[in-house]
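Peer 1: Could you work out the structure for the sequence below:
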Amino acid sequence: NWDRWSALMRSLFGAQDVIDLMTNGYEDSGANPNDAQRNTFKEAKKKDCKALFYIQQNVDSQHFEKI
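Peer 2: All right, here's what the predicted structure looks like:
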């Protein structure tokens, strides 16, 4: 059931502090990023991987390959 799964994922993403990333995405740090931009990008990328991991853990093998 999509509605149930979607609600569970929103709750999980909120609890793991990745809901903003899932909603808004993140921007590339550009060609010549400063240290702060590199750190911000690195943290956003880490949260993106974290969110993807949670999605992959909560789908069956039939749907996993579609991600």
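
Peer 1: Please count neighbours and contacts with C-alpha atoms only from this point.
Peer 2: Fine.

Peer 1: Would you tell me which helix is longest in the chain?
Peer 2: Under DSSP state H, the helix in the chain containing the largest number of residues is helix 35-57.

Peer 1: Which SSE is immediately downstream of it?
Peer 2: With elements assigned by DSSP states H and E, the helix or strand that comes after helix 35-57 is helix 61-64.

Peer 1: what is the rounded mean pLDDT of that next one?
Peer 2: For helix 61-64, the mean pLDDT works out to 80.

Peer 1: cool, stretch 37-51 as well?
Peer 2: Mean pLDDT, stretch 37-51: 87.

Peer 1: Any buried residues in it, and which?
Peer 2: Neighbour-count burial for stretch 37-51 flags 41, 44-45, 47-48, 50-51 (criterion: 16 or more other C-alpha atoms under 10 Å).

Peer 1: next one: stretch 4-11
Peer 2: By neighbour count with 16+ other C-alpha under 10 Å, stretch 4-11 contains the buried residues residue 9.

Peer 1: What mean pLDDT does that stretch get?
Peer 2: For stretch 4-11, the mean pLDDT works out to 87.

Peer 1: So what touches it?
Peer 2: Outside stretch 4-11, the residues within contact range by C-alpha atoms under 8 Å, 6 or more residues apart in numbering are 19, 55.

Peer 1: Same check on stretch 57-64?
Peer 2: Residues from elsewhere that reach stretch 57-64 (C-alpha under 8 Å, 6+ apart): residue 56.

Peer 1: Pull up the distance across that stretch, start to finish.
Peer 2: 9 Å (C-alpha to C-alpha, to the nearest Å).
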